[in-house]
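Trainee: structure of the sequence below:
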Amino acid sequence: MQISIALLNVFYATFGALTTLIFMILGYWIFDKLTPFRTGEQLRDNNLAVGIVVGSIFVGLGIAIGLVIGLGLN
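Mentor: Next comes the predicted model:
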C-alpha cells in the first residue's frame, strides 16, 4: 500500500513538472507573438528589461500552475 502511494506521488510530481514546462513554453510563445519585437533576439542582445519580463512570466506561471496542481492533489 505504501509503495503505491509513493509511486502515485512520483507520477503526480512528474506530470506536474511536465505540465508546468508546457505552459511556460506556451506563455513565452504568446508573449513573443504579442510584442512588436522578437523576444529571442532581444535576449541575445542582453536586453535586461526583456529578461526581467520573461523571468517574471516564468515565475508567475510556475507559481500559478504549481498551486493548481498542488491543490488538485488534496
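Trainee: so where's this protein shaky on pLDDT?
Mentor: 1, 72-74 (pLDDT under 70).
Trainee: how about 90 then?
Mentor: Regions of the chain meeting the criterion pLDDT under 90 cover residues 1-24, 27, 57-58, 60-74.
Trainee: which residue is nearest the middle of it?
Mentor: Nearest residue to the geometric centre of the chain (CA atoms, centre = their mean): M24, 3.3 Å.
Trainee: can you point out the buried residues in the host helix or strand of it?
Mentor: Following DSSP states H and E, the helix or strand that holds M24 is helix 2-34. Neighbour-count burial for helix 2-34 flags 16, 20, 23-24, 27-28 (criterion: 16 or more other CB atoms under 10 Å). Backbone N, C-alpha and C define where each C-beta goes, glycine included.
Trainee: repeat that for stretch 48-61.
Mentor: Per 16+ other CB under 10 Å, stretch 48-61 contains these buried residues: 50, 54, 57-58, 61.
Trainee: got the CA positions of it in CSV?
Mentor: The C-alpha trace of stretch 48-61 is given here as CSV (Å, rounded to 0.1, in the frame of the first residue of the first chain):
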residue,chain,number,x,y,z
LEU,A,48,17.8,43.5,-19.3
ALA,A,49,14.2,44.8,-19.4
VAL,A,50,13.0,41.9,-21.6
GLY,A,51,14.9,39.4,-19.5
ILE,A,52,13.2,40.6,-16.4
VAL,A,53,9.8,40.5,-18.0
VAL,A,54,10.4,37.0,-19.4
GLY,A,55,11.7,35.8,-16.0
SER,A,56,8.6,37.2,-14.2
ILE,A,57,6.4,35.4,-16.7
PHE,A,58,8.1,32.2,-15.9
VAL,A,59,7.9,32.7,-12.1
GLY,A,60,4.2,33.7,-12.3
LEU,A,61,3.3,30.8,-14.4
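Trainee: thinking again about what came up before, farthest pair in the buried residues of helix 2-34?
Mentor: Across the buried residues of helix 2-34, the longest distance by CB to CB is 18.7 Å; it joins G16 and Y28.
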